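# Next comes the sequence, and after it the predicted model I'd like to discuss.
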Amino acid sequence: MKIKLWPKTTSGKWAAILSIAFIILISLKMQIGIHLPTFAIASLGMVGFVAGIIAISKKDLSVLVILSILVGFVIIIWTAAELIYPH
């Protein structure tokens, strides 16, 4: 099976777009301080994570779908760390 960059399924495309949007928005929030709630930005990443899981269940294995799964795991670990060790 050949791994491609861009996904073929609709859910894979949504996963890729939402994960890229999450990465861009969170980096803008960290660097220039845009005024968007972090929860809203993280929600984009989590919806991309769910869409990525759906895409993988449909046998759509691409680099951007795998990226969306990794982004979702980072958000889950980050949220768990915030709940366990609040500051």
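Yep, it's here. Residues are numbered from 1 along each chain as shown.

# Near I32, how many other residues are there?
7 (other C-beta atoms under 10 Å). For every residue, glycine as well, the C-beta is placed using N, CA and C.

# try P37
Around P37 there are 9 residues (other C-beta under 10 Å).

# Distance of it relative to M30?
14 Å (C-beta to C-beta, to the nearest Å).

# what does G72 give?
The gap separating G72 from M30 is 19 Å, by C-beta to C-beta.

# ok, for I26, nearest residue in space, not its chain neighbours?
Excluding its sequence neighbours, the residue lying closest to I26 (C-beta to C-beta, 6 or more residues apart in numbering) is I41, at 5.5 Å.

# Now for that neighbour: which residues touch it?
F22, L25, I26, K29 (C-beta atoms under 8 Å, 6 or more residues apart in numbering).

# Before we move on, what's the pLDDT of the third one?
It stands for I26. With respect to pLDDT, I26 has a value of 93.

# counting contacts, what elements does the helix or strand it falls within pack onto?
I26 is part of helix 10-31 when elements are defined by DSSP states H and E. Under the contact criterion of 3 or more C-beta pairs under 8 Å, 6 or more residues apart in numbering; DSSP states H and E, helix 10-31 touches helix 38-57, helix 63-84.

# list the buried ones in it?
Residues of helix 10-31 classed as buried by neighbour count (16 or more other C-beta atoms under 10 Å): 11-20, 22-23, 25-26.
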